[in-house]
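Undergrad: any chance you could fold what I've pasted below:
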Amino acid sequence: MAIREIVYMGDPVLRAEAEEVTVFDEDLQALVRDMFETMYHADGIGLAAPQIGVSTRVIVVDLRRRDEDDPESQQVALVNPVVTWESKELAKQAEGCLSIPGLEDVVQRPVSVRVEGKDPDGNDIVLEADDLFARALQHEIDHIDGILFVDRISPLKRRMLLKKWKKIEAEAAAEAR
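TA: Modelled structure (predicted):
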């Protein structure tokens, strides 16, 4: 297992639709292990392969990293996931992203979803998810479709966040010198 470098907003891989996985082999297993380790190291609850520069349709989610006592917590790795149903009920909640550190904003999403895909061995998976688990799955699936959470907020809020992001990037570049 290895901790991979997380790519940040501005990297083209985050805006591309990721490639479907067709081979379920040891390389895929290693990618999933690396993704979990990278996510844990970054103290996240979800990670998509494009966030580590790999344009493939793989996501991992583990809510236990946020609340170890939560009985609804689940660790899951999904390959080629697709939302096949979403509730009409929507909820607004703050979201952040490992690829846009230091920024967060309120995003409206369906409260419940059904997601279908495969596990890393190629077996079919169907998940029914609610609340934070549903939100995390939707957020990560957005990543493999080239969508960032900032795309789901109003244009005014997006402009404000992007301005803040440019300031964060400039400060990071100054510190690196």
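
Undergrad: which elements pack onto the lengthiest helix in the chain?
TA: Longest helix in the chain, counting residues (DSSP state H): helix 155-176. Using 3 or more Cβ pairs under 8 Å, 6 or more residues apart in numbering; DSSP states H and E as the contact criterion, helix 155-176 has no neighbours among helices and strands. In this view, the C-beta of every residue, glycine as well, is placed from N, C-alpha and C.

Undergrad: in that helix, what counts as buried?
TA: Across helix 155-176, burial judged by 16 or more other Cβ atoms under 10 Å covers Arg158, Leu161, Trp165.

Undergrad: from Arg15, how far off is Met39?
TA: Between Met39 and Arg15 the computed distance is 21 Å (Cβ to Cβ, to the nearest Å).

Undergrad: return the list of strands paired to the strand ranked longest in the chain, each annotated with direction.
TA: Looking across the chain with DSSP state E, the single longest strand is strand 75-86. Strand 75-86 has the following sheet partners, assigned by DSSP bridges: strand 58-62 (antiparallel), strand 112-118 (antiparallel).

Undergrad: and it, how far out from the chain's middle?
TA: Remark: strand 75-86 is offset 11 Å from the chain centroid, using Cα atoms, centre = their mean, to the nearest Å.

Undergrad: so who does the spatially most central residue of the chain touch?
TA: Centroid check for the chain by Cα atoms, centre = their mean gives Glu140 as the closest residue, at 2.9 Å. Listed by Cβ atoms under 8 Å, 6 or more residues apart in numbering, the contact set of Glu140 reads Gly46, Leu47, Ala48, Ile59, Val60, Val61, Pro81.

Undergrad: need the residues you listed in CSV (columns: neighbour count and pLDDT).
TA: As requested, the contacts of Glu140 are exported to CSV (neighbours: other Cβ atoms under 10 Å; pLDDT from 0 to 100):
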residue, neighbour count, pLDDT
Gly46, 26, 97
Leu47, 29, 98
Ala48, 29, 98
Ile59, 30, 98
Val60, 27, 98
Val61, 30, 97
Pro81, 24, 98
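
Undergrad: farthest pair within those residues?
TA: Leu47 and Pro81 (13.0 Å; Cβ to Cβ).

Undergrad: mind listing the shared neighbours of the two?
TA: Contacts common to Leu47 and Pro81, judged by Cβ under 8 Å, 6+ apart, are Ile59, Glu140.

Undergrad: quick check, distance from the helix-or-strand element of the chain with minimal mean pLDDT to the centre of its chain.
TA: In the chain, the helix or strand scored least confidently by mean pLDDT, DSSP states H and E is helix 155-176, which has a mean of 90. Counting by Cα atoms, centre = their mean, helix 155-176 is centred 20 Å from the centre of its parent chain.

Undergrad: for that helix, which outside residues touch it?
TA: Tyr8, Met9, Gly10, Ile100, Pro101, Gly102, Leu103, Asp105, Val150, Asp151, Ile153.
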